[in-house]
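Undergrad: curious how this folds, go ahead:
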Amino acid sequence: LQLIFALMGQPTSRTWKEGFRLLQRLGVIVDGASTAKASISPRQGLVQHLPSVSAAAVDFTFAVITLNPRDRLTASEALRHPFLK
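TA: All right, here's what the predicted structure looks like:
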């Protein structure tokens, strides 16, 4: 989880309430703060790990691996993404 949080950021009660509550129950998040080290914003993390790719590639990657399943692209949405055109 620490590696995922370092790249994507961690869920908050605002961004993914269910995931945040689960992580609190598991002891990964204590009193609203992650036991993992704080990280930069998710998009900045992707840009740092994928420095030579286009903005469209970063946007697509972020959209398909975002933590909250409700915010992720569906398969049909992903196929219509400009990166795949």
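Undergrad: roughly how far apart are Val53 and Leu26?
TA: Val53 sits 33 Å away from Leu26, taking C-beta to C-beta, to the nearest Å as the criterion. Where you see a C-beta, it was placed from the backbone N, CA and C, and this is true even at glycine.
Undergrad: more crowded one of those two?
TA: More crowded of Val53 and Leu26, by other C-beta atoms under 10 Å: Val53, with 14 against 9.
Undergrad: assumed the more buried one was part of a strand.
TA: No - according to DSSP: H, G, I helix; E, B strand; the rest coil, Val53 belongs to no strand; its state is coil.
Undergrad: quick one, what contacts the closest residue to it other than its chain neighbours?
TA: Excluding the flanking residues, the one nearest Val53 by C-beta to C-beta, 6 or more residues apart in numbering is Thr61, at 7.9 Å. Contacts of Thr61 were listed using C-beta atoms under 8 Å, 6 or more residues apart in numbering, and they are 46, 50, 53.
Undergrad: for the protein, what helix or strand is lowest in average pLDDT?
TA: strand 33-34 (a mean of 55; mean pLDDT, DSSP states H and E).
Undergrad: going along the chain, name the helices of this structure.
TA: 2-8, 17-25, 42-49, 55-65, 75-79 (DSSP state H).
Undergrad: in CSV, list those along with distance to Lys85.
TA: Formatted as CSV, those follow (distance: least, C-beta to C-beta, whole Å):
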stretch, distance to Lys85
helix 2-8, 25
helix 17-25, 31
helix 42-49, 20
helix 55-65, 9
helix 75-79, 10
